[in-house]
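Q: no sequence on this one, just coordinates:
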Ligand SMILES: O=C(O)CCC(=O)C(=O)O
Ligand SMILES: [Fe+2]
């Protein structure tokens, strides 16, 4: 079935109508049984779009939805703690520890900083049994919640990988799962993010910059609006539009590593986070399934690199001040994905007005927020 992107729904944001992109919904229960039609559907979604909703409402997925709620409670408690407690260990490594607001470039590029704080817990670290997490979430119940969530996310993303290998007729060592083994070092991590209200941070510390992920697959949970994607060129040049949070579903997208491992056949999803409602605190949970550090692939610059090297270079570009970021290879931040046509005018920072907000009645099942300029 062709992607349904010709007549997008829209939502009012920053005084104009912005698309809300539709996408395929993949059923996790069917994928778990390698249902041939569902395997075809998930492969097609990754080849054509680079993203899809994953419906987790079956018996196998519901436990993950429970883990998501437990993690939300835990992270809200963590982010409410004093900065000294949250930053007890700082950022221990790129995929473990705390990053305060303003550590990276913001949603509107040059001159802006990000508007979120983040805590990352690495899968390798939780497997070893005693992860270095700050004291507000260090009791055994908290560690149990983190372990359950990482375990569930790991299983779900491996099930997707396995379906994609099958769909691409990969066998034996060439299957994608074989370069994502648990016992080999990787930068796979669970990332918990808290976006502060832009009313509080102002428009210099705002959102999350436009990028593609380093990861192979990203499993993303948020009950709140703010995530925007730009459908790839093969579907026609499209502007940035919102992903509507869908109850009972996660949003899954392909990252650079799987695009490279698929010989550039899959699309790496271009996305960013903007303040949808400038007065709200936004929480999101992302599991980044990454390839084993020594996996080799050809990157967007045509170089033969390891997954570890791609991670380190791109992570540096993310955290560099924008002046340095501009000096990184041009394909790095967007993983070689091309943006055809003009980007949205909402990307212009001067046009962004953080406040005030007026909430309107829901229309066509889409919550509308009008932002008065
Ligand atoms: O917060 C979100 O919804 C997305 C975060 C994201 O894109 C990332 O951490 O790579
Ligand atoms: Fe991302």
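A: Structure's in. What do you need? Quick caveat: nothing in here was measured; it's all calculated off a predicted structure. Numbers count the residues shown, from 1 in each chain. Ligands and ions are numbered 1, 2, ... in the order given.
Q: residue numbers of the stretch 151-300 of the chain in contact with ligand 1?
A: Contact residues (C-beta under 6 Å from any ligand atom) of the stretch 151-300 of the chain with ligand 1: 191, 193, 208, 213, 220, 222, 227, 271, 273, 284, 286. (Each C-beta comes from the backbone N, C-alpha and C, glycine too.)
Q: quick check: the last one vs residue 164, distance?
A: Meaning residue 286. The gap separating residue 286 from residue 164 is 19 Å, by C-beta to C-beta, to the nearest Å.
Q: same drill for the two, tell me which one is more crowded.
A: Using other C-beta atoms under 10 Å as the criterion, residue 286 and residue 164 rank with residue 164 on top: 27 against 22.
Q: that one falls within a helix, correct?
A: Yes - applying DSSP: H, G, I helix; E, B strand; the rest coil, one finds residue 164 inside a helix.
Q: show me where the stretch 251-373 of the chain has its helices.
A: Using DSSP state H, counting those that start in this stretch, the helices of the stretch 251-373 of the chain run over residues 256-261, 307-319, 322-325.
Q: again with the stretch 1-150 of the chain
A: 28-32, 36-48, 59-80, 83-86, 123-127, 140-167.
Q: now mean pLDDT too, for the ones you listed, in TSV please.
A: Converted to TSV, these look like this (pLDDT from 0 to 100):
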stretch	mean pLDDT
helix 28-32	97
helix 36-48	98
helix 59-80	97
helix 83-86	96
helix 123-127	95
helix 140-167	97
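Q: shaky segments in the stretch 251-373 of the chain?
A: For the stretch 251-373 of the chain, the stretches with pLDDT under 70 are 330, 340-373.
Q: okay, strands next: where are they in it?
A: 270-273, 282-289, 296-298, 304-306, 357-359, 369-371 (DSSP state E, counting those that start in this stretch).
Q: which residues touch whichever residue of the chain sits closest to ligand 1?
A: Residue nearest to ligand 1 within the chain: residue 284 (3.5 Å; C-beta to the nearest ligand atom). By C-beta atoms under 8 Å, 6 or more residues apart in numbering, the contact set of residue 284 is 192-193, 195, 220-222, 224, 226-227, 273.
Q: among these, name the ones in strands.
A: 192-193, 195, 220-221, 227, 273 (DSSP state E).
Q: most neighbours, which of those?
A: Result: residue 195 is most packed of the ones in strands among the contacts of residue 284 (other C-beta under 10 Å), 28 neighbours.
Q: you'd agree that residue is up against residue 281?
A: Yes - Residue 195 lies in contact with residue 281 (C-beta atoms under 8 Å); the separation is 7.0 Å.
Q: what's the burial count for residue 106?
A: 26.
Q: equivalent analysis for the one 10 residues further on, please.
A: A count of neighbours around residue 116, defined by other C-beta under 10 Å, yields 25.
Q: roughly how far does it sit from residue 98?
A: Distance from residue 116 to residue 98, by C-beta to C-beta: 12 Å.
Q: try residue 128
A: 19 Å.
Q: which of those two has more neighbours?
A: More crowded of residue 128 and residue 98, by other C-beta under 10 Å: residue 98, with 23 against 9.
Q: I figured the more buried one was touching residue 91, is that so?
A: Yes - in this structure, residue 98 is within contact of residue 91 by C-beta under 8 Å, at 6.3 Å.
Q: excluding its backbone neighbours, what's nearest residue 51?
A: Spatial nearest neighbour of residue 51, excluding adjacent residues (C-beta to C-beta, 6 or more residues apart in numbering): residue 253 at 4.0 Å.
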